[in-house]
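[1] Below is the sequence, then the predicted model.
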Amino acid sequence: MRAKKIVVIGGGHAGCEAALAAARIDRTAQVTLFALSLDSIALMPCNPCIGGSAKGHLVREVDALGGQMGKAIDFAFIQSRMLNTAKGPAVYSLRAQADKKNYMTYMKQVLENEPNISLREGEVAEILTTKSHSASAKKLGVEGTCPLAGDWGQSPQGLIISAVKTTADELYECDAVIVCTGTYLNARCLYGETITHTGPSGLKNSKALSDSLKKLGFNLQRFKTGTPARIHRRSIDFSKMAVQDGDEKIVPFSFETDPAKIERAQVPCHLTYTTPATHDLIRESLHRSAMYSGLIDATGTRYCPSIEDKIVRFADKERHPVFVEPEGLNTQEMYVQGMSSALPADVQVQVYRSVPGLENCEIMRVAYAIEYDCIDATQLTLNLEAKHIGGLFFAGQINGSSGYEEAAAQGLVAGISAATNSAFELGRADGYIGVLIDDLVTKGTREPYRMMTSRAEYRLLLRQDNADLRLTPKGFAAGLIPPARNEIFQQKAAAIQEAISILQKTTVTPDEVNEILSAKNSTPIKSGVKLSELIKRPEIGLRDFEQLKGRPWGVAPNPTRGLRPLDPYIWETVWEQAEIQIKYEGYIKIQLEQAEAFRKMENKLLPTDIDYAEVHGLRLEARQKLAALRPVNFGQASRVTGISPADLSVLMVYVKQKNGDTAVFGV
């Protein structure tokens with residue numbers, strides 16, 4: 001059998017992860033990544049940071065599965081902060097400011113050094129298909145030829161990928177295509193009355209591929225996002241702003257990164273606020289904004305609104321936060337987070353200069369809005385493959401999502417699936433990646449989708465700190481985690497269980513701990529108790545006891561009582577995991593039971609050939625939506641908008657009657 005050929009369209013965060021995953025899993029594959037400009041590989045056209053609330057979870061999950069984003073930001077960060085630490089560990093989220101040029105250089109070098117990846121500057125104009133001769137297509141009575149003896153062609157049409165064609169009429173035969181076009185597809189940038197038909201940062205857009213996708217039967221949507229101005233550092237009065245320093249303790253994104261090896265001087269960010277004068281200027285000029293003048297009719301993001309939207313939607317607010325953040329170590333450009341805009345350039349100058357500290361600011365790049373095409377992701381399966389075309393995958397903002405992290409997560413899943421010819425799927429109980437993809441392909445989105453912790457039903461299980469415990473075994477099974485890394489992971493997982501056992505068996509006396517308890521305003525003990533019981537108290541942590549004599553815990557504990565030798569930075573996470581699992585044991589048990597009930601619904605499979613028109617008792621809306629989406633199991637069906645519990649009951653009775661219980665439970 002000849003080597004599999006995989007084409008990745010787009011060199012953004014989704015494309016990078018997709019290409020790397022596919023190439024690393026199948027070392028014989030020939031992976032070609034097309035980018036409109038090779039200078040835009042892993043570009044950060046908006047905020048120069050990685051992570052943040054919920055997004056940090058995604059990055060750590062990408063790393064746990066064997067992806068690259070975590071390592072890239074560990075290399076290129078210039079400031080690191082753990083957010084939401086005043087709350088519980090379920091919502092802790094890591095965020096790092098990046099040197100965007102260093103990030104791009106690092107990721108491009110990783111791609112260039114991967115033996116079976118070829119980078120190609122060019123524009124893909126058309127995706128070509130043929131009919132499948134695979135086993136599944138033969139069952140459907142479909143004739144045709146298949147370029148690779150695989151099992152593509154699961155759709156009723158039996159269509160599979162055959163090639164892509166560039167705008168230069170170059171033909172690239174391939175067996176799988178992963179579309180990662182980001183915000184470049186039929187893009188145009190707008191501010192005031194100025195319109196440029198380009199992608200982000202003035203780069204070339206992709207014009208022809210939208211028509212090809214329409215011909216292939218995809219429903220396209222028009223979405224909008226935006227970015228603020230960049231201003232010169234020398235023109236900022238930082239004395240009028242609050243300093244936002246990084247954390248003293250650096251927490252890496254990658255589970256393989258030793259914090260001691262990435263210690264560096266961190267660059268501060270700064271916080272200021274809009275003023276009533278800012279708001280007045282914007283209100284007076286709303287009619288000149290491309291957002292409000294009628295030039296833009298695409299749907300914008302709800303959770304990252306422009307400054308115009310903030311003033312209109314939150315008219316009662318006297319001020320809005322503005323974060324001034326460096327774009328890198330070797331540039332004077334500063335990113336003004338919180339003030340994306342589509343106002344004319346002359347108004348932008350006035351608006352920005354009405355903010356304390358920016359009175360004399362020099363705008364280097366104006367703010368703008370950007371419109372682009374994306375698909376309706378309900379046309380995809382849970383592994384991001386098109387339902388009607390085998391071997392065609394989509395990842396990133398082409399699916400209606402927003403953000404670098406959401407893109408990388410989807411790219412990784414699409415890359416794994418394309419390389420393995422299998423449905424690599426993560427459920428909502430497995431990770432934030434599972435929640436993200438399930439939301440997109442099951443519910444769809446009518447506005448740019450942003451990942452948030454509130455979207456996850458099992459937040460306490462899906463913490464950023466335990467992403468490796470949840471997902472590294474899946475990454476190893478998929479072939480993306482190397483054996484050496486998996487061995488270290490297995491040692492760590494075993495050490496955590498041993499650490500928990502030690503804490504559950506260790507008895508401490510009043511003489512040992514009462515002074516510590518009093519200092520923490522915690523009730524003293526009258527007799528010996530297990531250390532694990534004290535750790536369950538909200539005000540008490542394991543570090544409070546690290547000075548106790550003969551105890552094997554601490555920042556870099558010595559392995560004792562049979563614990564395996566591991567690097568010091570891994571040891572610290574071992575004890576942190578032990579503490580979290582003990583402290584939240586009761587809550588974790590409840591969520592585990594809920595997750596198990598959820599998985600049972602996911603295991604109740606729906607026949608692929610079910611005719612919903614025949615299901616008597618289903619409401620018309622339910623029939624139409626289920627027929628359009630074709631969920632693979634009862635769990636997914638239950639999450640389709642408009643499907644009621646009564647509809648599910650009718651559907652379950654129908655399936656039992658037609659196929660028997662074994663079909664329902666996937667036995």
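    Structure received.
[2] switch to C-alpha atoms for all contacts and neighbour counts from now on
    OK.
[3] Pull up the pairing partners for the helix or strand hosting V322, direction included.
    If you go by DSSP states H and E, V322 is part of strand 321-326. Sheet pairing of strand 321-326 (DSSP bridges) gives strand 269-273 (antiparallel), strand 333-337 (antiparallel).
[4] C-terminal to the last one, what's the next element?
    This points to strand 333-337. helix 345-353.
[5] name the helices or strands packed onto that next one?
    The elements that helix 345-353 packs onto, with contact taken as 3 or more C-alpha pairs under 8 Å, 6 or more residues apart in numbering; DSSP states H and E, are helix 276-285.
[6] Check which residues of the helix it packs on are buried.
    Buried residues in helix 276-285, counting neighbours by 16 or more other C-alpha atoms under 10 Å, are found at T278, H279, I282, S285.
[7] Present those residues as CSV; the columns should include distance to C49 and pLDDT.
    Formatted as CSV, these follow (distance: C-alpha to C-alpha, whole Å; pLDDT from 0 to 100):
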residue, distance to C49, pLDDT
T278, 26, 97
H279, 27, 97
I282, 27, 97
S285, 30, 96
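[8] how about those residues in TSV, adding distance to E114?
    Formatted as TSV, those follow (distance: C-alpha to C-alpha, whole Å):
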residue	distance to E114
T278	49
H279	50
I282	49
S285	51
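[9] neighbouring contacts of the strand holding V322?
    The contact list for strand 321-326, computed with C-alpha atoms under 8 Å, 6 or more residues apart in numbering, reads 48, 97, 99, 267-274, 332-339.
[10] Kindly recompute the last result at 6 Å.
    Defining contact as C-alpha atoms under 6 Å, 6 or more residues apart in numbering, one finds that strand 321-326 is touched by C269, H270, L271, T272, Y273, M334, Y335, V336, Q337, G338.
[11] in it, what's buried?
    V322, F323, V324, E325, P326.
[12] Tell me the pLDDT of the first one.
    V322 carries a pLDDT value of 98.
[13] for the fourth one, same thing?
    Turning to E325, the model gives it a pLDDT of 98.
[14] Relative to F238, how far out is it?
    For E325, the distance to F238 equals 11 Å [C-alpha to C-alpha, to the nearest Å].
[15] How far away from the center of its chain is stretch 13-23?
    14 Å (C-alpha atoms, centre = their mean, to the nearest Å).
[16] what's the answer for stretch 71-84, then?
    For stretch 71-84, the distance to the chain centre is 16 Å (C-alpha atoms, centre = their mean).
[17] buried residues in stretch 505-524?
    V508, V513, N514, I516, L517, S522.
[18] nearest to A429, of those?
    Nearest to A429 among the buried residues of stretch 505-524: S522, at 35.1 Å, using C-alpha to C-alpha.
[19] The closest one - nearest residue in space that isn't next to it in sequence?
    E539 (7.0 Å; C-alpha to C-alpha, 6 or more residues apart in numbering).
[20] And that neighbour, what's its pLDDT?
    Reported pLDDT for E539: 93.
[21] By mean pLDDT, which helix or strand of the chain comes out lowest?
    Lowest by mean pLDDT, DSSP states H and E among the helices and strands of the chain is helix 135-139, with a mean of 38.
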